[in-house]
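S.K.: coordinates for the following, if possible.
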Amino acid sequence: MRTSRFLAAILALTLVTAVLVHVSLRGQAASTVSLLVTGGTVVTMNSAGQVIPDGAVAISADKIVAVGPSEDIVQKYSAPQRIDVRGQIVLPGLINTHTHAPMVLYRGLADDLALMDWLNHYIFPAEAKTVSPDFVRIGTRLAALEMIESGTTTFADMYYFEDDIAEATREAGLRAVLGQSVIKFPVADAKTPEDALVRAEAFIRKWKDDPLVTPAVAPHAPYTVEPGTLKAVRELADRYGVPVLIHLAETRDEVKIIQDLHRQSPTQYLESLGFWNGRTLAAHAVWLDDADIATLARRGVGLAHNPESNMKLASGIAAVPKWLEQGIHAGLGTDGAASNNDLDIFEAMRFAALLHKVATSDPRVMPARQVLELATRRGAEALGMADRIGTLEAGKQADLITMATDGARQTPMFDPISHLVYVAHGDDVRNTVVAGRVLMRDRQVLTLDATSVIRDARAMAERVRAAVSATPKEKQ
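M.R.: A predicted model of the protein is given here:
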């Protein structure tokens, strides 16, 4: 009898202890955060490739506090704002490593042309007649609306009046690396390269400590910027600790121009100037030889792959698989919407995967996970921002998107990674969050008035139409 009573007492004590521990844990876990995103398939893109089928993300202010199973997260955290995304995929916000945001206002202005013809006979003349602070503000708002709706949370830009682009970007709530352009001929915001450098320094000083905008200097390309100016750009960027953005080896024509002038490839020419001795992101890099790739890898240069623009302008196919084999930090870009003609990184992912398979005659090249890495954590590495963005992990900035999976095109879904690369489109994005701020919820953009953005863009497009005296077909 005593034994039975003793065992009963032990059992009762054990049950009470278990209840107390459970209550204690729940009490300890009732931490308040600002936002919970719960119930979705969380594709973390962390180094382990973790995917959580019924997962959640806890966000406090601008940072991720925790990522894990929904049951665990909701027990540990409460929040005044909660987004239930059951049936959706949750992933890091996409990173567009190369674009020219205001050029959405030239979307479709000149198509089916080679790059040099397109630039010299259509785009540069159109810019000379139409680019202004008003133009870039309106264009950037339109680009920001498109990016928020299609899942881009960070973009790298090079254009004119970059200060106005920064203001519009911050208004929209996006994260960006923004490069003030430097070029050898007179442009809308600078009559000389020296003027452009002065403007670039003022831009850097103003935005250096902004939480969303990273200022940069953006010499257009080796063939449009003189050697002394390229050296001055590097010195300016290094003095303030900001990145440099540049176009590199986009076409055979560019390579020929530099070889004729300097008897070197564009990459080796810039190496001879000491240009790569600092944080740099180069766009396109289509025409690189093995020595060029080795140089860029050794210097830690990030590269932006723009498959759609390169295909549309017939510029060539970048050796992205070789880049990655050599350890180059690479991301995906759309380029400007004047040569793409949209800013949808989901399309860039799909084209990147398919282009390199057919180019190498190997269907195993550029698998879905690797391509998704280019659009997320590898893109963050290319921008030098991997410590802040690109994955869903505690301590990172709270930049994420959620994707619908309930439509006919999205059914069935066996593998969320494959689904994101080969099935998803930008308009499948349902929610967009940057630095913990909800920019779009259930397809409703909250930081921009879509109606007025589109109205202003259409009005500006009419001004562009009037300024451009003839269509491309009439000029040909």
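S.K.: and stretch 214-231, what's buried?
M.R.: 214-225, 229-230 (16 or more other Cβ atoms under 10 Å). Any C-beta I mention is one placed from the backbone N, CA and C, and that applies to glycine too.
S.K.: tell me which of those is nearest to A398?
M.R.: T214 (17.3 Å; Cβ to Cβ).
S.K.: do you know how far that closest one is from T229?
M.R.: 22 Å (Cβ to Cβ, to the nearest Å).
S.K.: just D111 next, same as before
M.R.: From D111 to T229 the distance is 32 Å (Cβ to Cβ).
S.K.: what about the stretch 1-150 of the chain, any weak spots by pLDDT?
M.R.: In the predicted model, the stretch 1-150 of the chain carries pLDDT under 70 at residues 1-30.
S.K.: try 50 this time
M.R.: 1-3, 6-7, 11-27, 29 (pLDDT under 50).
S.K.: which residues in it form strands?
M.R.: Taking DSSP state E, counting those that start in this stretch as the test, the strands found in the stretch 1-150 of the chain are 31-32, 35-43, 51-60, 63-69, 77-78, 81-84, 88-92, 94-99.
S.K.: and the fourth one, what other elements does it pack with?
M.R.: With contacts defined as 3 or more Cβ pairs under 8 Å, 6 or more residues apart in numbering; DSSP states H and E, the packing partners of strand 63-69 are strand 51-60, helix 70-76.
S.K.: which residues touch the nearest residue to V429 once chain neighbours are set aside?
M.R.: Computed as Cβ to Cβ, 6 or more residues apart in numbering, the closest residue to V429 that is not its neighbour in sequence is G151, at 4.2 Å. By Cβ atoms under 8 Å, 6 or more residues apart in numbering, G151 lies in contact with G93, L94, I345, F346, I401, M403, G426, V429, T432.
S.K.: re earlier: of all the helices and strands packed on strand 63-69, which one is nearest T295?
M.R.: That would be strand 51-60 among the helices and strands packed on strand 63-69, by Cβ to Cβ, at 36.6 Å.
S.K.: mean confidence for stretch 264-284?
M.R.: For stretch 264-284, the mean per-residue pLDDT is 98.
S.K.: out of the strands of the stretch 1-150 of the chain, which is the most enclosed?
M.R.: Across the strands of the stretch 1-150 of the chain, averaging neighbours per residue (mean count of other Cβ atoms under 10 Å) puts strand 94-99 on top, at a mean of 30.
S.K.: partner strands of that one, with direction?
M.R.: Strand pairing for strand 94-99, determined by DSSP bridges: strand 152-159 (parallel).
S.K.: roughly how far is whichever helix or strand comes after the partner strand from the heart of the chain?
M.R.: Per DSSP states H and E, the first helix or strand lying C-terminal to strand 152-159 is helix 162-172. Taking the mean of its C-alpha atoms, helix 162-172 sits 16 Å from the chain's own mean (Cα atoms, centre = their mean, to the nearest Å).
S.K.: check which residues of helix 162-172 are buried.
M.R.: E162, D163, D164, I165, A166, E167, A168, T169, R170, A172.
S.K.: what of stretch 401-414?
M.R.: I401, T402, M403, A404, T405, Q410, M413.
S.K.: could you do stretch 295-302 as well?
M.R.: Under the neighbour-count rule (16+ other Cβ under 10 Å), stretch 295-302 has T295, L296, A297, R299, G300, V301, G302 buried.
S.K.: leaving out sequence neighbours, find the closest residue to E250.
M.R.: Looking at E250 with Cβ to Cβ, 6+ apart, the closest residue is H284, at 3.9 Å.
S.K.: re earlier: format the buried residues of stretch 401-414 as TSV; extra columns: distance to L145.
M.R.: Compiled in TSV, the buried residues of stretch 401-414 are given as follows (distance: Cβ to Cβ, whole Å):
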residue	distance to L145
I401	15
T402	18
M403	18
A404	19
T405	24
Q410	24
M413	28
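S.K.: ok, which pair from those residues is furthest apart?
M.R.: I401 and M413, at 16.5 Å, using Cβ to Cβ across those.
S.K.: roughly how far apart are G302 and L332?
M.R.: Taking Cβ to Cβ, one finds G302 at 12 Å from L332.
S.K.: next one: P222
M.R.: 23 Å.
S.K.: and the gap between the nearest residue to L374 once chain neighbours are set aside and K357?
M.R.: Excluding the flanking residues, the one nearest L374 by Cβ to Cβ, 6+ apart is L332, at 4.7 Å. Distance of L332 to K357, computed by Cβ to Cβ: 16 Å.
S.K.: so for those two, which residue has more residues nearby?
M.R.: Legend: neighbour count by other Cβ atoms under 10 Å for L332 and K357, higher for L332 (30 against 16).
S.K.: now the helices: where do they sit in the stretch 301-450 of the chain?
M.R.: In the stretch 301-450 of the chain, the helices defined using DSSP state H, counting those that start in this stretch lie at 307-312, 320-325, 345-360, 368-375, 377-382, 416-422, 450-467.
S.K.: with that, I have no additional questions.
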